[in-house]
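Colleague: whatever this is, show me its structure:
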Amino acid sequence: MCDPASDWGQNVVGARRTLTKKMPTHSYSDVLERIQAAIEAAGPIFARFTPGEIEAEYKVGHDPVTEADRALDVVLRENLLQPGEGWLSEESADDLSRLDREWVWVVDPLDGTREFVAGIPEFCVSIAMVRQGQPVAGGIFNPATDEVFLGALDSGLTYNGQPARASQRKALEGATVLASRSETKRGEWQAFEDAPFKIQPMGSVAYKLARVSAGLADLTFTLCPKHEWDVAGGAALVGSGGGFVQTLDSLFTGNRKHPLITGLIAGGPHLKSELLEFLAPHLQPASKK
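Modeller: Coordinates of the predicted model:
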C-alpha cells in the first residue's frame, strides 16, 4: 500500500496543469478549479493518519466514522462552498435550504471508511457539483494509490491529468465488473457466479465508479440502497467520461429531499442494454417493493 503522505501531490498538480493548458474556458471551469483545490487541501489531512491504525466510532446502523472523516468535511466545505450554493455531506447536518439552490455540492469526505480503518487502499474523497438535479462536475481522490479523477460534462474526464473515457467494450462477455467488497462477503453476488463477466470485489462505491469512468473497469452495479453522497461524485465522472449511470428504476438525480437511492448501475455506453437485460430478473423483486 502506498504511503498517503508520499507524493500524492504530483498527480493533483499534473491534473491542474493539464486542465489549464488543454481545456478551453467553459462554464464549469471555476467548479473544477475549486474541486482541485479541495483535493489538494485533503492531502495533508490524510497525511496525519496511517490507514490500518485508525480509531473508529460507529454511527447508528454500524457505519464507522473517524477523526479523518470530520476533518476532511471541514476542509472540503472551506474550499468548495460559496454563497448561494447548497451543501449535502455525509458528515454535516442536512440543511434543507439546499433544495432551493440551483448549484449544490454533494460530497462524501471519506468514502470507504471501513477500508481506511482496515488499511485496504480502496477509499477516497468524493466531490460532486449538482446543478438542478444533474451531476455536472466531479472529483475523486484516492490518497493511498495517488489517483485523481476530475471531470465535467462539457469538458470531459482526466485521470491523473491525462484525458480518459469510459470503456468502449461492446459485449458483456469477458467484461470486468467491480463489486462491493462487503456485498460479496455477505454472499449477495453468488447469483452472478455463472455470469459472462468477471467479478472484482472492491471497497468504496465512489472509487469503483471513478475507475469505471476512466475505463479501468467496464461496469459496476449495486442492488442495495445508497446515499447520494456515496455516488454523486462518481456519477458526475462517469457522465463526463461518456458512460451511463442510473438507479435501479430511473435516471440518477441529486439533491433530493430524501437522499437515499434504490441502487446504482454504471458502465461503458455500449454495455447498457445488454447489462440491463441481464439484470432484469434480479431487479423485479426491488421494483415490487
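Colleague: can you list the domain ranges for this structure.
Modeller: 8-164, 176-288 (automatic domain parsing).
Colleague: okay if I get those as CSV plus mean pLDDT, mean neighbour count and distance to Lys170?
Modeller: To be clear about C-beta, it is placed using only N, CA and C from the backbone, and glycine gets the same treatment. Shown next, in CSV, are the domains of the chain (pLDDT from 0 to 100; neighbours: other C-beta atoms under 10 Å; distance: least, C-beta to C-beta, whole Å):
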stretch, mean pLDDT, mean neighbour count, distance to Lys170
domain 8-164, 86, 19, 19
domain 176-288, 94, 20, 4
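Colleague: now the closest residue to Val130 other than its chain neighbours, what's its secondary structure?
Modeller: Closest residue to Val130 apart from its sequence neighbours, by C-beta to C-beta, 6 or more residues apart in numbering: Gly254 at 3.8 Å. Assigned with DSSP: H, G, I helix; E, B strand; the rest coil, Gly254 falls in the coil class.
Colleague: ok, Gly254 - contacts?
Modeller: Leu88, Val104, Val106, Ala128, Val130, Gly133, Gln134, Pro135, Glu228, Ala232, Ala235 (C-beta atoms under 8 Å, 6 or more residues apart in numbering).
Colleague: and for Ala232?
Modeller: Val106, Val107, Ser126, Ala128, Val130, Pro135, Gly138, Gly254 are the contacts of Ala232 under C-beta under 8 Å, 6+ apart.
Colleague: after whichever helix or strand it is part of, which helix or strand is next? Please name it.
Modeller: Following DSSP states H and E, one finds Ala232 within helix 228-240. Toward the C-terminus, helix 228-240 is succeeded by strand 244-246 as the next helix or strand (DSSP H and E).
Colleague: so which of the contacts of Gly254 sit within strands?
Modeller: Leu88, Val104, Val106, Ala128, Val130, Gln134, Pro135 (DSSP state E).
Colleague: turn those residues into CSV, including distance to Ala68.
Modeller: Listed next are these as CSV, based on distance: C-beta to C-beta, whole Å:
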residue, distance to Ala68
Leu88, 20
Val104, 24
Val106, 19
Ala128, 20
Val130, 24
Gln134, 30
Pro135, 25
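Colleague: turn the contacts of Gly254 into CSV, including distance to Pro64.
Modeller: Converted to CSV, those look like this (distance: C-beta to C-beta, whole Å):
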residue, distance to Pro64
Leu88, 20
Val104, 26
Val106, 21
Ala128, 22
Val130, 26
Gly133, 30
Gln134, 31
Pro135, 26
Glu228, 20
Ala232, 21
Ala235, 24
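Colleague: now the two most distant members of the ones in strands among the contacts of Gly254.
Modeller: Spatially, the most separated pair among these is Leu88 and Gln134, at 14.5 Å (C-beta to C-beta).
Colleague: quick one: Leu209 is in a strand?
Modeller: No: according to three-state DSSP, Leu209 belongs to no strand; its state is helix.
Colleague: find the nearest non-adjacent residue to it, please.
Modeller: Gly234 (2.4 Å).
Colleague: next: Leu216.
Modeller: Tyr159 is the one closest to Leu216 (C-beta to C-beta, 6+ apart), at 7.7 Å.
Colleague: go ahead and confirm the one you found touches Gly151.
Modeller: No: using C-beta atoms under 8 Å, Tyr159 is not in contact with Gly151, being 9.0 Å away.
Colleague: check the gap between the residue nearest to Leu209 and Ala266 for me.
Modeller: With distances taken as C-beta to C-beta, to the nearest Å, Gly234 is found 7 Å from Ala266.
Colleague: overlap in contacts of these two?
Modeller: Joint contacts of Gly234 and Ala266 (C-beta under 8 Å, 6+ apart) are Leu209, Val212, Val245.
Colleague: how about the secondary structure of Phe116?
Modeller: Assignment for Phe116 (three-state DSSP): helix.
Colleague: list the contacts for it?
Modeller: Phe49, Pro51, Ile54, Thr66, Ala68, Leu110, Phe123.
Colleague: the residue nearest to Leu96 when sequence neighbours are not counted: which element?
Modeller: Spatially, and ignoring its direct neighbours in sequence, Leu96 is nearest to Lys257 (6.9 Å; C-beta to C-beta, 6+ apart). Here Lys257, judged by DSSP H and E, is contained in no helix and no strand.
Colleague: check the gap between Lys257 and Asp94 for me.
Modeller: From Lys257 to Asp94 the distance is 9 Å (C-beta to C-beta).
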